[in-house]
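> Predicted model and sequence follow; I will ask about them next.
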Amino acid sequence: MTEFLLPESRWPASLQPAQRAVLRDVVGGLRRASELIGVAAGGSFSSGTMDEFSDLDLVVVADPARWSEAPDRRREIAASLGPLLAAFTGEHVGEPRLLICLYGPPLVHVDLKFVTPDALARRVEDPIVLWDRDGRLRDALRGGVVHYPAPDAQWIEDRFWIWIHYVASKIGRGELFETLDSLGYLRARVLGPLVLEEAAAQPNGVRRIERAAPERALELEATIARCDGADCLRSLRATIALYRSLRERRALPELRRSVAAEVEAEAFLAGVEARAILRA
């Protein structure tokens, strides 16, 4: 099959000049790497929501017969694509194949995820093919399945009330920075995904909740606390209220509720609140 190259005229019109220049250099550089067979763009590029603050989310596809997983090779390729200022791998998000790059100036953030065609059989989105050396990239995308994981209601329910007890205990001890960090975790791992799922949006943490679910965003805002014990208690109550509302709206008949843990965790929280009132 002949080589395919998506014309720049079909790139999103909202690409900024710096993004466009970097993407042009990246595609050209990847074409020169003989062990690579294609590149596709996902994220805001494929969804048509690019703006001046967007990253370039690229899937770089390698020939499995010639590819080395050595991190040094990924960095070498990334450095050949333009003025690379810094790069690191994505273990912190559970994706060691990802190389997170900053090019510039002007600054452009580019994510390069190096995969072989078999890895595209199950993916979270359909990226737009920018370049395909011999058709294998497009074949892999035609044969794959798109599935973005939904929040696991049982996984959340099994943990939520333990987390509530944990946060309440940190407030009681006066560990407010740990409390604020834990409240943020609950927004990102529990409340945000459930809110986005309810709004029929991609349940990716708290991304774009302001636009996808503005009414719920106001409720979510109430879960943000100041570095103050009383306000952290208020925030934790708001977290519980929003979780219960989302749980009831979802109303999955197979959900096994942690009733005893819920009752005891809330009683523990009430005790912490009572002691806080006495100290005030």
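Great, that's in hand.
> you'd agree residue 43 is up against residue 59?
No - the criterion here is CB atoms under 8 Å, and residue 43 misses it with residue 59 at 10.0 Å. Glycine gets a C-beta too; all of them are placed from N, C-alpha and C.
> higher neighbour count, these two?
Comparing residue 43 with residue 59 by other CB atoms under 10 Å, the one with more neighbours is residue 59, at 26 against 17.
> That one and residue 114, how far apart?
8 Å (CB to CB, to the nearest Å).
> Quick check: which element contains residue 211?
Using DSSP states H and E, the element containing residue 211 is helix 209-212.
> buried set for that helix?
Going by neighbour count (16 or more other CB atoms under 10 Å), the buried part of helix 209-212 is 209, 212.
> tell me the strands in the chain, going along the chain?
Taking DSSP state E as the criterion, the chain carries its strands at 4-5, 36-41, 56-62, 84-90, 95-103, 108-115, 122-123, 128-132, 145-146.
> hey, least reliable of those strands by pLDDT?
Among the strands of the chain, strand 145-146 carries the lowest mean pLDDT, a mean of 87.
> Give me the contact list for it.
Applying CB atoms under 8 Å, 6 or more residues apart in numbering, the set of residues contacting strand 145-146 from outside is 121-126.
> change it to 6 Å
With CB atoms under 6 Å, 6 or more residues apart in numbering as the test, strand 145-146 has contacts from 122-123, 126.
> One more: stretch 258-272?
157, 161, 164-165, 168, 171-172.
> for this structure, which spans come out with low pLDDT?
69-71, 280 (pLDDT under 70).
> so how far is residue 55 from the residue nearest the centre of it?
The centroid of the chain falls nearest to residue 204 when counting by CA atoms, centre = their mean (4.9 Å). Computed as CB to CB, the residue 204 to residue 55 distance reads 13 Å.
> quick one on the thing from earlier: Throw the strands of the chain into CSV and include distance to residue 49, thanks.
CSV is the format used below for these (distance: least, CB to CB, whole Å):
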stretch, distance to residue 49
strand 4-5, 24
strand 36-41, 12
strand 56-62, 12
strand 84-90, 22
strand 95-103, 20
strand 108-115, 15
strand 122-123, 18
strand 128-132, 13
strand 145-146, 17
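> Mark which of the contacts of strand 145-146 are buried, thanks.
For the contacts of strand 145-146, a burial check counting by 16+ other CB under 10 Å picks out residue 123.
> and which of the contacts of strand 145-146 is nearest to residue 176?
For those, the closest approach to residue 176 (CB to CB) belongs to residue 123, at 40.6 Å.
> re the thing from before, ok, how many other residues are close to the closest residue to the residue nearest to the centre of the chain other than its chain neighbours?
Spatial nearest neighbour of residue 204, excluding adjacent residues (CB to CB, 6 or more residues apart in numbering): residue 196 at 6.8 Å. Residue 196 is flanked by 23 other residues according to other CB under 10 Å.
> Do I have it right that residue 196 meets residue 206?
No - using CB atoms under 6 Å as the test, residue 196 is too far from residue 206 to be in contact (8.0 Å).
> Now a PyMOL select for only the buried ones of the contacts of stretch 258-272.
Of the contacts of stretch 258-272, the buried ones can be selected in PyMOL as follows, counting by 16+ other CB under 10 Å:
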select buried, resi 157+161+164+165+168+171+172
